[in-house]
Structures are given as structure tokens and as C-alpha cells.
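Asker: sharing a sequence plus its predicted fold:
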Amino acid sequence: MIVCQCRGVTERQIRKAVREGASSRNEVILASTAGSHCGGCAPMIDSIIEAECDRGDGLSMLRMVEAATG
């Protein structure tokens, strides 16, 4: 699903940025450009960040699996 219409950034790309260390909207903007134009997607970006951060230790395991599978 495209979250940032202006930049064509998907939910998957934003989740990947968070999994790789982005923990704030500004860090997601730097990592993916989502939210860097009109800001209309900011609430969705914040929700994605919160959801990914709530995953806690499961997120570490997911990072390891993604790294192993490329």
C-alpha cells in the first residue's frame, strides 16, 4: 500500500526503514523520503513507527531473518 502519495513510498518501505533503525518521523523521512513533501501521510507514518516499535523483541528476530534471506 502506498502511504506517501507525493513520493510514492509504500508501507513496506517505511516498515523497513523502522526495522533498520529509524525511530522517529524525521528519521523515516531521511531514510525513505516519505512525508517530506506535503506531510499528509504523517499520521500514517507515526502509526507505522508505533506499530513496529511495539513489536519489541520480535523485531530483532525479524531483522535476523531478513538479513539471512536478503
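Answerer: Yep, that arrived.
Asker: is the residue minimising distance to the centre of the chain in a helix, a strand, or coil?
Answerer: Centroid-nearest residue in the chain: residue 14, 2.4 Å away (criterion: CA atoms, centre = their mean). Taken by DSSP: H, G, I helix; E, B strand; the rest coil, the conformation at residue 14 corresponds to helix.
Asker: grab the nearest non-local neighbour of it.
Answerer: Leaving aside its chain neighbours, residue 14 sits nearest to residue 48 (5.0 Å; criterion: CB to CB, 6 or more residues apart in numbering). Any C-beta I mention is one placed from the backbone N, CA and C, and that applies to glycine too.
Asker: and the one you found, how far is that from residue 40?
Answerer: The gap separating residue 48 from residue 40 is 14 Å, by CB to CB, to the nearest Å.
Asker: give me the more crowded residue out of those two.
Answerer: Regarding residue 48 and residue 40, a neighbour count based on other CB atoms under 10 Å identifies residue 48 as having more, with 21 against 12.
Asker: how about the contacts made by the more buried one?
Answerer: When contacts are counted by CB atoms under 8 Å, 6 or more residues apart in numbering, residue 48 is found next to 3, 11, 14-15, 18.
Asker: quick one: the helices in the protein?
Answerer: In chain order, the chain shows helices spanning 11-19, 25-32, 42-54, 57-69, with DSSP state H as the criterion.
Asker: average model confidence for the first one?
Answerer: Right, the one you point to is helix 11-19. When pLDDT is averaged along helix 11-19, the result is 96.
Asker: stretch 42-58 too?
Answerer: Rounded to a whole number, the mean pLDDT of stretch 42-58 is 86.
Asker: roughly how far is that stretch from the heart of the chain?
Answerer: With CA atoms, centre = their mean, to the nearest Å as the basis, stretch 42-58 stands 8 Å off its chain's centre.
Asker: distance check, the residue nearest to the centre of the chain against residue 36.
Answerer: In this structure, residue 14 and residue 36 are 12 Å apart, going by CB to CB.
Asker: residue 31 contacts residue 24, correct?
Answerer: No: with contacts counted by CB atoms under 8 Å, residue 31 stays clear of residue 24, the gap being 10.5 Å.
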